[in-house]
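K.L.:
got a predicted model here, sequence first, then my questions.
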Protein chains: 2
Amino acid sequence: MKTQDIARDFVALLKEGRHDEAAAAHNAENIASYENMDGPMAVCHGKEAVKKKSEWWVGAHEVHEMKTEGPYLNGDQFAVSFYVDVTVKETGERRKMTEIGLYTVDHGKIVEERFFY
Amino acid sequence: MKTQDIARDFVALLKEGRHDEAAAAHNAENIASYENMDGPMAVCHGKEAVKKKSEWWVGAHEVHEMKTEGPYLNGDQFAVSFYVDVTVKETGERRKMTEIGLYTVDHGKIVEERFFY
């Protein structure tokens, strides 16, 4: 699959809330995932670790609204815009924020995801 | 300046429509600029070439609306979201689109800009 086809399929699944399926179908086994923070959570490696991070996030937040826009293409990368309105379960904090995801494709799989916020 | 300070100053200028000043203040002399296309326009190198590309864009479009959101941060990179509503002067085509700009900072200057659409 071309990067633009992967991007469109991946984002179509995200827009339907099917995040697990999107990751299962398109993430590479050796994917690296980068967050905007210091310390050990800044990067995680591997499809299974990314899945666990995603499960942690889902468990830690009550999601009131999530809007997904894109994909926006350039070469072997694509960007996705996320608007989320969540309550952090542990603290009760209501958080509304926009986040940009940047995805890099190699050999038909997403080998890197990097989040900006 | 830290990347987040550069990002905030750069985007504050963009939000005021002061694109020339933003580029003059923060672009590195050796900046590389990547568009989502094939061929010779896909990349241009150098602050002066990027300035010329920007001047071409301004001359080629009638801008009805431009909304700039961000910056969204991660390490030495930041992303910016642009919504533009323009008429392409040559063809009369009205075009409304969202574009993501990804900027990379090194030694306090923007050394790369990459546009996704």
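P.N.:
Ah, there it is.

K.L.:
isn't A:Glu112 up against A:Tyr34?
P.N.:
Yes. A:Glu112 is within contact range of A:Tyr34, at 7.3 Å (criterion: CB atoms under 8 Å). Heads up, the C-betas are built off the backbone N, CA and C, glycines and all.

K.L.:
need the residues of chain A near chain B, please.
P.N.:
Listed as neighbours of chain B in chain A under the rule CB under 8 Å from any CB of the partner chain: A:34-36, A:69-70, A:72-75, A:77-79, A:81, A:98-100, A:102, A:114-117.

K.L.:
how long is stretch A:16-32 end to end?
P.N.:
Terminal residues of stretch A:16-32 lie 24 Å apart, using CA to CA, to the nearest Å.

K.L.:
what sits against the most centrally placed residue in chain A?
P.N.:
Taking CA atoms, centre = their mean, the centroid of chain A lies closest to A:Gly101, which sits 6.1 Å from it. Residues near A:Gly101 by CB atoms under 8 Å, 6 or more residues apart in numbering or on different chains: A:79-82, A:113-116.

K.L.:
by neighbours, which of the residues you listed wins?
P.N.:
When neighbours are counted by other CB atoms under 10 Å in any protein chain shown, A:Ala79 leads the contacts of A:Gly101 with 28 neighbours.

K.L.:
backbone torsions only: list them for that one.
P.N.:
Dihedral pair for A:Ala79: phi -120, psi 150, per degrees, to the nearest 10.

K.L.:
who does it form a beta bridge with?
P.N.:
Under the criterion DSSP bridges, A:Ala79 forms beta bridges with A:Tyr72, A:Leu102.

K.L.:
quick one: the helices in chain A?
P.N.:
According to DSSP state H, chain A carries its helices in the segments A:3-15, A:19-26, A:47-60.
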